[in-house]
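Participant: Starting from these lines, generate the structure:
(2 chains)
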Amino acid sequence: MESAIQLVVDAVSLGALYALLALGIALIFGIMNLINFAHGELIMIGGYALAIAAATVVPVMLVVTLVVVVIAALLMDRIAFRPVRGADPTTLLVTSFVLGYLLQNVAIMIFGSLPRTTGAGSGLDRPIDVGGVLVSRLDLTVIGVGAALIVGLVVLIRRTSIGIQMRAAAEDFETARLLGVNADRIIAFTFALSGLLAAVAAFFLVAQGGSVSPTFGVSVVLIAFIATIVGGLGSLPGAVLAGFGLGCVTVAFQELLPAGLVPYRDAFVFAVVLLVLILRPEGLIPQHARATRV
Amino acid sequence: MLRRLSALLPLVALIAAVVVIAGMLSRSGQRDVTTGLVHMCIVIGLYSFIGVTGVFSFGHVAFVAVGAYVAGVLAIPALRKEALYEGMPAWLAGVELDPVLAVLVGGVAAAALAGLLAPSLSRISGLSAALATFALLVIVQVVARNYEPVTRGTKGMLGVPAETTLETAALWAIAFLVVVYLFQTSRVGLQLRAAREDDVASKAIGVHVGRLRGVALVLSAFLVGIAGGVYGQLLGSFNPDVFYLDLTFLTLAMLVVGGMRSLSGAVIGALALTFLSQVLREIESLLDVTGLTQVSFAVLVLLILVLRPSGITGGREVGLLRRWDPDTFEATERRAAPLDEADGAAQRSSG
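Facilitator: Model prediction:
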């Protein structure tokens, strides 16, 4: 029973983290058809900001990280993505991973290629006793903050003017612009939001792993990419659902596979991904606006 | 057919010129150019799927890996296998094929894997297809890392005969060019390119888009599988990491920088990026600043993409290929281009 609860907490917290990562990618994809592989490098930048600012008090560290990552996201949009806006999706994709590669190598030049350990967020690794079950404080924080951010995002997108503009732009960018939606502003705002999500994800990842390296963001951004596509090409609820699903499937395989097959865990996870895509090529929650109308 | 193939002369001449120039370089320079030519083989193989069908793939490196491992295992001399590979199944340990034959078998193995997946993958298009093939890449990667009796896992495969030379790599590249050119100007190739331009319209005139995409997938897996075998026989020893994200991104960048909608683009992209990284490496060794190569490489590639979003060739065939080949869609492409450009310009100016 105890281990079952711990397992569920593990799965939900991993799922919440994946959902945050996927939202960062899905937001931008919805609006400009760009799978931003450099999102991982935003997370990496956040990690280094945390490691450097960890010397100060916690609130300063968090604010500094947030500001640095949001600014980096806005610069990314302005310098790299605006010139290729509207190009073929493949070009956008390659642009984003070349940008990611560039940032990784800049990080190697500045910080060296070895991981840098940091104590940022280490206060969260003590377990907490909930009704006789020990669960990790970090897991609970991830779940809490993740849920709060998702609710906040829903409110923002449903209720505010800028949220409605974002949805309009995601539905049909050209028509939205004809109706007076300012393209640059909406895209910049979306990048800023995505930067915010990246900063939060960076904090959790650093608190979890205790170190940051130039290739810190590569593997996590792949997970986000997968959740975005499996969720349904830019569908935000889909991204959240797929993020949680991916987290649960990963934890389940980790626990349920016979010991000899555990090293093959990722192969099984990706076999599930492949299967879902074959059964539902448009993703879990298809975006009807994207379907070709004949 | 010969007349049709004459359209390839400029590209073949380009490759020949590269071989002649590389012959004057140092040993390590020659090796780098050879690596570049092997990359070109992979990019041409990628083009035969991505370029011809317009469906994106992130996972072709999985087929490269399958080709490299299968060709490697089959070509390693039996005695060496006994010494280096503990626990390899006996039927496999006894096999020793001629390197070229091993490479071809590697290609067939990759094609067989693609054939297995083709019926399901042909249902999927766009980024979903890119992800589905990526899932395949991860699966192949995980198996290569953990199936130690045959692959030696992360310790890496050793003792693969180093058969690939500058000339053989160039010959493979030229052979690939011929095969892919014949494919893209064949009935199937034309139907696929029609479907690339307008999926619905081509279905309406009776093109079996899904089935034909499966054909293209199998062909391109065969080609990149061969390229993988050739690559393995250039490296001699390699671990699974060689066939993962870095190679995926590099080859895709080559294709997109060259212009993913033309065969010339595949060739030119591979050459351009190989040349670029070579020159930058020379400069780095002169200036003695480490890390400069990667950073300036990325900046220059970004610059190319920003200045020419549809690649260096802009999706057109080069020189003679363009003028002599009535089969290309050049005419429609030219008509379509101003529209696209106007569209892009409008978006940019409002931006």
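Participant: tell me the pLDDT at residue A:66?
Facilitator: Looking at residue A:66, its pLDDT stands at 92.
Participant: Show the contacting residues for it.
Facilitator: By C-beta atoms under 8 Å, 6 or more residues apart in numbering or on different chains, the contact list for residue A:66 reads A:196, A:199. (C-beta placed from N, C-alpha, C; glycine too.)
Participant: ok, and it, which helix or strand is that part of?
Facilitator: helix A:58-75 (DSSP states H and E).
Participant: ok, then the element right after that helix?
Facilitator: Using DSSP H and E, the next helix or strand after helix A:58-75 towards the C-terminus is helix A:89-111.
Participant: What mean pLDDT does that next one get?
Facilitator: 87.
Participant: for stretch A:158-173, same thing?
Facilitator: On average, the pLDDT along stretch A:158-173 is 86.
Participant: what sits up against it?
Facilitator: A:27, A:30-32, A:155-157, A:175-177, A:179, A:181-183, A:186-187, A:189-190, A:234, A:289.
Participant: Repeat the analysis, applying 10 Å as the threshold.
Facilitator: Applying C-beta atoms under 10 Å, 6 or more residues apart in numbering or on different chains, the external contacts of stretch A:158-173 come out as A:26-33, A:85-86, A:153-157, A:175-183, A:185-187, A:189-190, A:193, A:234-236, A:287-290, B:347.
Participant: Please spell out the ChimeraX selection for the buried subset of these.
Facilitator: The command below creates a ChimeraX selection of those among the contacts of stretch A:158-173 that count as buried (16 or more other C-beta atoms under 10 Å in any protein chain shown):
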select /A:26,27,28,29,30,31,32,33,85,86,153,157,176,177,181,183,186,187,189,190,193,234,235,236,287,290 /B:347
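Participant: Where does the prediction get shaky in the chain?
Facilitator: Answering for chain A, as no chain was given. Within chain A, the stretches with pLDDT under 70 are A:1-2, A:121-125, A:131, A:288-294.
Participant: wait, chain B
Facilitator: Applying pLDDT under 70 to chain B flags the ranges B:1, B:319-351.
Participant: Filter the contacts of stretch A:158-173 down to just the ones in helices.
Facilitator: Within those, residues falling in helices by DSSP state H are A:26-32, A:153-157, A:175-178, A:183, A:185-187, A:189-190, A:193, A:236, B:347.
Participant: Just give the number of residues close to the closest residue to residue A:64 other than its chain neighbours.
Facilitator: Nearest non-adjacent residue to residue A:64, counting by C-beta to C-beta, 6 or more residues apart in numbering or on different chains: residue A:53, 4.3 Å away. Neighbour count for residue A:53, taken as other C-beta atoms under 10 Å in any protein chain shown: 19.
Participant: all strands of the stretch 151-294 of chain A, in order?
Facilitator: Ranges of strands in the stretch 151-294 of chain A, per DSSP state E, counting those that start in this stretch, are A:211-212.
Participant: Helices of that one, start to end?
Facilitator: A:161-171, A:173-178, A:183-209, A:218-232, A:236-256, A:265-279 (DSSP state H, counting those that start in this stretch).
Participant: Same check on the stretch 251-351 of chain B?
Facilitator: Shown for the stretch 251-351 of chain B, the helices assigned by DSSP H, counting those that start in this stretch span residues B:263-287, B:292-307, B:320-324, B:330-350.
Participant: try the stretch 101-250 of chain B
Facilitator: B:126-146, B:148-151, B:166-184, B:187-197, B:199-204, B:209-235, B:245-258.
Participant: number of nearby residues for residue B:248?
Facilitator: Counted by other C-beta under 10 Å, the residues lying close to residue B:248 total 23.
Participant: How about residue B:107?
Facilitator: If we define neighbours as other C-beta under 10 Å, then residue B:107 has 26 of them.
Participant: ditto for the one 10 residues further on
Facilitator: Using other C-beta under 10 Å, the number of residues around residue B:117 comes to 20.
Participant: which ones are touching the closest residue to it other than its chain neighbours?
Facilitator: Nearest residue to residue B:117 in three dimensions, chain neighbours excluded: residue B:136, at 6.8 Å (C-beta to C-beta, 6+ apart). Counting by C-beta under 10 Å, 6+ apart, residue B:136 makes contact with A:270-271, A:273-274, B:57-63, B:66, B:113-114, B:117, B:121.
Participant: Between which two of those residues is the distance greatest?
Facilitator: A:273 and B:66 (19.3 Å; C-beta to C-beta).
Participant: how about residue A:128, phi and psi?
Facilitator: Main-chain torsions, residue A:128, degrees, to the nearest 10: phi -130, psi 150.
Participant: err, residue A:117, not the other one
Facilitator: Main-chain torsions, residue A:117, degrees, to the nearest 10: phi -80, psi 150.
Participant: pretty sure it is in contact with residue A:47, am I right?
Facilitator: No. Residue A:117 is beyond contact range of residue A:47, at 11.3 Å (criterion: C-beta atoms under 10 Å).
Participant: shared neighbours of the two, which are they?
Facilitator: With C-beta under 10 Å, 6+ apart, residue A:117 and residue A:47 have common neighbours A:206, A:209, A:211-212.
Participant: Please pick the buried ones from the residues you listed.
Facilitator: Judged by 16+ other C-beta under 10 Å, buried ones among those: A:206, A:212.
Participant: Mind picking the one among the shared contacts of residue A:117 and residue A:47 that's closest to chain B?
Facilitator: Chain B lies nearest to residue A:212 out of these, by C-beta to the nearest C-beta, at 18.0 Å.
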